[in-house]
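Participant: Need coordinates for the below:
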Amino acid sequence: MTKIRIYDPAMCCDTGVCGPSVDPELTRVATAIFMLEKETIDIARFNLATDPKAFVDETQIQQLLHAEGVEALPVIIVNDKIKLKGQYPTNEQLAEWANVPLDVLTKQPSKSKGIELL
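Facilitator: A predicted model of the protein is given here:
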């Protein structure tokens, strides 16, 4: 089973999807992670501000931060190998790494039919 770990820079909340102006890229990533979790993919996300221990516990992240600083974040580790740094993965990359069809990450919520009031 694929194991995906995302190490985020320090953000105001765990997803970065908060505050008065939300970055659409962070919204996309949060949605993709949620959809992968629904598929029972082993994926976890760590925020430097709220979970610094995860950064200390992962030797590759320690070394990368020492060498390149926080500018290297976000960092994505797939099956214990750094796959991407300095940017978030595309939905295509996430689907490939998780071995799921791309449409799993792009499903739109079904629209329910409302009750028409007279």
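Participant: would you put the C-alpha positions of the longest helix along the chain in CSV?
Facilitator: In the chain, taking DSSP state H as the definition, the longest helix is helix 24-38. The C-alpha atoms that make up helix 24-38 are tabulated as CSV, following Å, rounded to 0.1, in the frame of the first residue of the first chain:
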residue,chain,number,x,y,z
PRO,A,24,-7.3,28.0,-4.2
GLU,A,25,-4.2,25.7,-4.4
LEU,A,26,-4.5,24.9,-0.7
THR,A,27,-8.3,24.2,-1.2
ARG,A,28,-7.5,21.8,-4.0
VAL,A,29,-4.9,20.0,-2.0
ALA,A,30,-7.2,19.7,1.1
THR,A,31,-10.0,18.3,-1.1
ALA,A,32,-7.7,15.8,-2.8
ILE,A,33,-6.4,14.6,0.5
PHE,A,34,-10.0,14.3,1.8
MET,A,35,-11.0,12.2,-1.3
LEU,A,36,-7.9,10.0,-0.9
GLU,A,37,-8.7,9.4,2.8
LYS,A,38,-12.2,8.3,1.7
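Participant: The helix or strand just after that helix vs helix 24-38, what angle?
Facilitator: Secondary structure here is assigned by DSSP states H and E; on that basis, the next helix or strand after helix 24-38 toward the C-terminus is strand 42-47. Relative orientation of strand 42-47 versus helix 24-38 (axes from the mean of the first three to the mean of the last three C-alpha atoms, to 10 degrees): 150 degrees.
Participant: Show me which parts of strand 42-47 are buried, residue by residue.
Facilitator: Residues of strand 42-47 classed as buried by neighbour count (16 or more other C-beta atoms under 10 Å): 43, 45-47. All C-beta atoms are positioned from the backbone trio N, CA, C, and that covers glycine.
Participant: Next one: residue 58 from residue 35, what distance?
Facilitator: With distances taken as C-beta to C-beta, to the nearest Å, residue 58 is found 24 Å from residue 35.
Participant: Neighbour count: these two, which is higher?
Facilitator: Neighbours around residue 58 and residue 35, counted as other C-beta atoms under 10 Å, are more numerous at residue 35. The numbers are 21 against 18.
Participant: Just to check, that one is in contact with residue 105?
Facilitator: Yes. Contact status for residue 35 versus residue 105: in contact at 5.2 Å, counting by C-beta atoms under 8 Å.
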